[in-house]
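In: for reference, the sequence and a predicted model appear below.
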Amino acid sequence: MHEVFEPILHALNERDRARVEAAFAAVEYSTEPVSEAQAPALQDAILRRSVADMLHAVGRELVAAGPYTWTSGYRDDIAARLAATGTAVLAESDRAVLTLVLVYSVAMARAEGKLDADTWMSPFIAPMEDLQRRTQVSKTALRESLERLRAAGLVRLASGPTYNGVKATGYIPGPQFHRLTKAARTRLQNRLILAAAPDSPLAAAIRARRGYTQEQD
Amino acid sequence: MNGEDTAAAWARARATGDLRLAPTDAAPPGMRRLVGPDPGPVWALPELPEGASPRTVTDLGLPLSTLERPTESAQVLACALRCCWPSPQEPIWPGRPARLDDVISMYLQVNRGKTADYARRAVLPALRRLDWTAWLQYRSGAELVRLGPQVGAWNDFDLNTLRDLWRMMPVPEGSGGHA
């Protein structure tokens, strides 16, 4: 008997229990969001509640990734608790490189109206050449950071458009960005504005609203 | 441990892939205590109902996260396992430390015709990836490679397959994996 999940699963019949467990595994471990057709427990509001309860018990929550598609992410309160103790917090150089990828791939595309305001998955690459030119970390540190960020699913190597017969390569946000909760997406959006345009009126408004400086939070 | 602490412990295990306990601590609810070599770290490993495990994701035909350069990573894991697990009749966990040179030499035996330089360039990044995911313990620049706590989570079914794999691997050269 499972100490954490049994109180949630015990009332279900064998078939529903199997469907709920499968849906839990699907949203937790599949690298891509899961459609309700792939995990039928997600179609049924009562069974979906059981999946959400299982996730909640282990510090996670169900995240809507699109119409009829789901994934899971860290509960906001748990993420804050882990971050407060420095658990799994990225190294400074990794954060800098990730920010640069997001500025190129998401912020610039959004500013040009090519990307929805609440989307973090972007097909627009941060060209490798620009990452090398714009970052203040050394080439070796950049390579190592990108290796760690790829391993964590935070960035993904991708091809861009072809110029003069040469296909540009670069980075786009990785599959972990599917897993951001609504609140996490908003936090990230605010921080990206602070990073990309710290002197803009929007950044000033964010700082005033949240009552934090760039060094805080 | 209350429900919130349990949730935080499970989240920490997922975030780090490697939840270490103080030697006297009990495992959080739903987790198994895994004792490393004495004296050594103690880990807590989440235990899932069989139907909720990552194996189910494959059964559903959904994509599962894989390490970068999966073939190379798997080969290096197999080489390290062969060096750290001297006999398939013995429990795989905690194994014994293997010298980095022995793992590289095993990689060269598996990949005949490759140069030592090529092997180092392939093995070292793969060891780092396997360390981040807790399959192995390897710190950059270190001379020893150890099994990681994920290996201690393998069940009897997994181990039967691994014993077959072990028999297919070459015999380690040199010290054969002694620290």
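Out: Sure, I can see it.

In: how much space between residue A:192 and residue A:109?
Out: 12 Å (C-beta to C-beta, to the nearest Å). All C-beta spots, glycine's among them, are computed from the backbone N, C-alpha and C.

In: how about residue A:50?
Out: Per C-beta to C-beta, residue A:50 is found 38 Å from residue A:109.

In: got any ranges where chain A has weak pLDDT?
Out: In the predicted model of chain A, residues A:211-217 satisfy pLDDT under 70.

In: go with 80
Out: Counting by pLDDT under 80, the ranges of chain A that qualify are A:1, A:117, A:160-166, A:209-217.

In: quick one: the helices in chain A?
Out: Counting by DSSP state H, the segments of chain A that form helices are A:6-9, A:14-29, A:45-57, A:76-84, A:92-102, A:108-111, A:128-134, A:139-151, A:182-196, A:201-210.

In: can those go into JSON lines with extra columns for distance to chain B and mean neighbour count?
Out: JSON lines is the format used below for the helices of chain A (distance: least, C-beta to the nearest C-beta, whole Å; neighbours: other C-beta atoms under 10 Å in any protein chain shown):
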{"stretch": "helix A:6-9", "distance to chain B": "8", "mean neighbour count": "17"}
{"stretch": "helix A:14-29", "distance to chain B": "3", "mean neighbour count": "23"}
{"stretch": "helix A:45-57", "distance to chain B": "6", "mean neighbour count": "18"}
{"stretch": "helix A:76-84", "distance to chain B": "5", "mean neighbour count": "16"}
{"stretch": "helix A:92-102", "distance to chain B": "12", "mean neighbour count": "20"}
{"stretch": "helix A:108-111", "distance to chain B": "25", "mean neighbour count": "16"}
{"stretch": "helix A:128-134", "distance to chain B": "16", "mean neighbour count": "14"}
{"stretch": "helix A:139-151", "distance to chain B": "5", "mean neighbour count": "17"}
{"stretch": "helix A:182-196", "distance to chain B": "14", "mean neighbour count": "17"}
{"stretch": "helix A:201-210", "distance to chain B": "24", "mean neighbour count": "13"}
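
In: CSV for these, including distance to residue B:29?
Out: Below are the helices of chain A laid out as CSV (distance: least, C-beta to C-beta, whole Å):
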stretch, distance to residue B:29
helix A:6-9, 11
helix A:14-29, 17
helix A:45-57, 9
helix A:76-84, 15
helix A:92-102, 32
helix A:108-111, 43
helix A:128-134, 43
helix A:139-151, 29
helix A:182-196, 26
helix A:201-210, 36
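
In: residue B:114 is nearest to which of these?
Out: Using C-beta to C-beta as the measure, helix A:139-151 is the one of those that comes nearest residue B:114, at 21.4 Å.

In: so which elements touch that closest one?
Out: Packing contacts for helix A:139-151, counted by 3 or more C-beta pairs under 8 Å, 6 or more residues apart in numbering or on different chains; DSSP states H and E, involve helix A:92-102, helix A:128-134, strand A:155-163, helix B:116-132.

In: which of these sits closest to residue A:66?
Out: Among the helices and strands packed on helix A:139-151, the nearest to residue A:66 by C-beta to C-beta is strand A:155-163 (18.2 Å).

In: not counting sequence-adjacent ones, nearest residue to the residue nearest the centre of chain A?
Out: Nearest residue to the geometric centre of chain A (C-alpha atoms, centre = their mean): residue A:177, 2.1 Å. Sequence neighbours aside, residue A:120 is the residue nearest to residue A:177 in space, at 4.0 Å (criterion: C-beta to C-beta, 6 or more residues apart in numbering or on different chains).

In: report the contact partners of residue 131.
Out: Looking at chain A here, since you left the chain open. Residues near residue A:131 by C-beta atoms under 8 Å, 6 or more residues apart in numbering or on different chains: A:97, A:100-101, A:104, A:142, A:146, A:170-171.

In: my question was about chain B, not that one.
Out: By C-beta under 8 Å, 6+ apart, the contact set of residue B:131 is B:137-139, B:148.
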